[in-house]
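> 3D, please:
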Amino acid sequence: MENYDVDIYVTGSNSKVMSSEISTYLTGRYVSIPIYTLSFKEYLTFKHKEENENLKSMFDEYLQYGGFPLIGISNFDLTSAYQVVDAIYATVITRDISKRHKIRNKDLFDRVVKYVIENVGKTFSANIIVKFLKNEKRTLSVETIYNYLKWLADAFIIYPCNRYDIQGKAVLKTQEKYYLSNIVFKYCKYGFASSMISSMLENIVFLELKRRGYEVYVGKYLDKEIDFIAIRRDEKIYVQVCREIPETSNREISNLMEIKDH
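Residues are numbered from 1 along each chain as shown. Sure thing, here's the model as predicted:
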C-alpha cells in the first residue's frame, strides 16, 4: 500500500455535521484548529494596508464592517455589507440550527437570539431570559433556552464566557456572558450606532484573546468585576476594556490594582 505525505483538513458547521461531532468521529486522530473571523491585523492585510498607515481610520472602518473575509476583500458600502452579513446570519440560523434541531416555534427562537445579540457583553442567565419573555407574555423553559444557547455556540454565532472567582480561584457556573463571533451580526440587525462601541470594543478584545490561544473568563473579585481574565498555560493576565478613561476617575484601573498578582 502506497503511503501519501498529506494533511487532511475537515471543517464543520453545517446542517449535516457540526464541528463538535467531527471530533466524535475522529477521536484521538485529529488536532482541532479554531478559526475566527479576521483580526484587525488580518483586515489590514485584506485591504492591502500597511500597519502604520492611518490606523485610526482603518480601525474605525473595521469596527463598523466587522471581520468576515468576504467583506474584507470587497468594497461594499455599509448597507450592502450588512445585507450580506444578514444573509449569512439567516443561513446559519435557518439551516444549521432551526432545521437541524427541528425548532417548531421559530418566532420564539428568533426572539431569544435577538435578546442575546442585544445583550452582548452583559451578564445574564437562562432564568433572566425566561423572565424577560414572560413580560412579553411568552413562555419558554430554562432547559429550552440552555439548548438554544448551546446550539448558537455550536454554530459559531456566539461564544460563552464563564465567570471566574479570582479570590476563590474557581470557575462559576452562573451569570456568564456571551460574545458574538463577529460584531457585525449586531449591526445587521440593529444598524451601527456610536452607543454600541464600548461593548463592541470588549467583543473585539475577547476574540483577540481567544485568537491568541487564551482561555478567557469574566473576572469576579469581591464585589468588583474585571472584564477579562486570560489564562494560557502558566500565564495569567487581567484586562479592562473601556472607550476612554476620564482623568478624574481611576475606577477602571483601581479594579486591577486591588488584585494581588496583577
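> Can you tell me what sits against the helix or strand hosting I71?
Here I71, judged by DSSP states H and E, is contained in helix 69-72. Helix 69-72 has contacts (CB atoms under 8 Å, 6 or more residues apart in numbering) with T37, L38, E42, Y43, F46, K47, Y65, A81, V84, V85, V184. Heads up, the C-betas are built off the backbone N, CA and C, glycines and all.
> again with stretch 139-153
Here stretch 139-153 has contacts from 97, 100-101, 108-109, 112-113, 116, 126-127, 129-130, 133, 158-160, 178, using CB under 8 Å, 6+ apart.
> need the contact list for the closest residue in space to A230 that isn't next to it in sequence.
Excluding the flanking residues, the one nearest A230 by CB to CB, 6 or more residues apart in numbering is Y214, at 3.8 Å. Y214 is in contact with A230, I231, R232, I237, counting by CB under 8 Å, 6+ apart.
> do the same with L222
Counting by CB under 8 Å, 6+ apart, L222 touches Q167, E258.
> Compare the contacts of helix 69-72 and tell me which is most surrounded.
V184 (28 neighbours; other CB atoms under 10 Å).
> For the residue nearest to that one when sequence neighbours are not counted, grab the count of nearby residues.
Distances taken as CB to CB, 6+ apart place G66 nearest to V184, at 2.8 Å, with adjacent residues excluded. Counted by other CB under 10 Å, the residues lying close to G66 total 27.
> mind checking how far G66 is from T144?
As for G66, its distance to T144 is 29 Å (criterion: CB to CB, to the nearest Å).
> go on, R211?
Taking CB to CB, one finds R211 at 32 Å from T144.
> ok, now F59?
The value you get for F59 to T144, if CB to CB is used, is 39 Å.
> higher neighbour count, those two?
Neighbours were counted for F59 and for T144 using other CB under 10 Å; T144 has more, 18 against 15.
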